[in-house]
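Participant: build the 3D model from these lines:
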Amino acid sequence: MTKEELTQWALGSGWQMIGGHPSLTRPSRPADAIVRLVLKTTVAQLEIKKPAGKWDRIASVAYSKLVPDEETGLPIGLGLDTIAGFSTLMQDNRNRAVFGNADAPAKAVWPGGKK
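Facilitator: Residues are numbered from 1 along each chain as shown. Alright, predicted model coming up:
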């Protein structure tokens, strides 16, 4: 995979650009990234944010060693397929990207536009 292909996959899979990196957020705080892909010139790095706020690099792999899974398109080689809870986090982010804030309660609309 190339840097562009990896970025395209991430954005199409519910990741969003935060701070210049494709990132995933937690459902309770959708503005704060907790997982990010740092895409450098020759390598892709997967980083997870620790509770103290420091980024911890989980994997660093050359683009030439990343291969998309035939069924899911998930890049094989970064360890995304082995991290517990990652698929759920990615699904939550994908749903939020597609459906917006569907979990928020609907606002009451009164005749005349006032409550």
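Participant: just checking, what packs against the top strand by length along the chain?
Facilitator: Secondary structure assigned by DSSP state E gives strand 29-39 as the longest strand of the chain. Strand 29-39 sits against helix 3-12, strand 16-18, strand 21-26, strand 43-49, helix 86-99, with contacts defined as 3 or more C-beta pairs under 8 Å, 6 or more residues apart in numbering; DSSP states H and E. C-betas here are computed from N, CA, C, even on glycine.
Participant: in its sheet, what does the fourth one sit against?
Facilitator: Sheet pairing for strand 43-49, assigned by DSSP bridges, gives strand 29-39 (antiparallel), strand 55-62 (antiparallel).
Participant: in it, which residues are buried?
Facilitator: 43-47, 49 (16 or more other C-beta atoms under 10 Å).
Participant: of those residues, which is the nearest to residue 29?
Facilitator: residue 49 (11.0 Å; C-beta to C-beta).
Participant: which one is the closest one nearest to, not counting chain neighbours?
Facilitator: residue 34 (4.8 Å; C-beta to C-beta, 6 or more residues apart in numbering).
Participant: mind listing what the one you found touches?
Facilitator: By C-beta atoms under 8 Å, 6 or more residues apart in numbering, the contact list for residue 34 reads 23-26, 48-49, 89.
Participant: again, only using 7 Å
Facilitator: Applying C-beta atoms under 7 Å, 6 or more residues apart in numbering to residue 34 gives the contacts 24-26, 48-49.
Participant: still on that earlier bit, buried residues in the longest strand of the chain?
Facilitator: 33-39.
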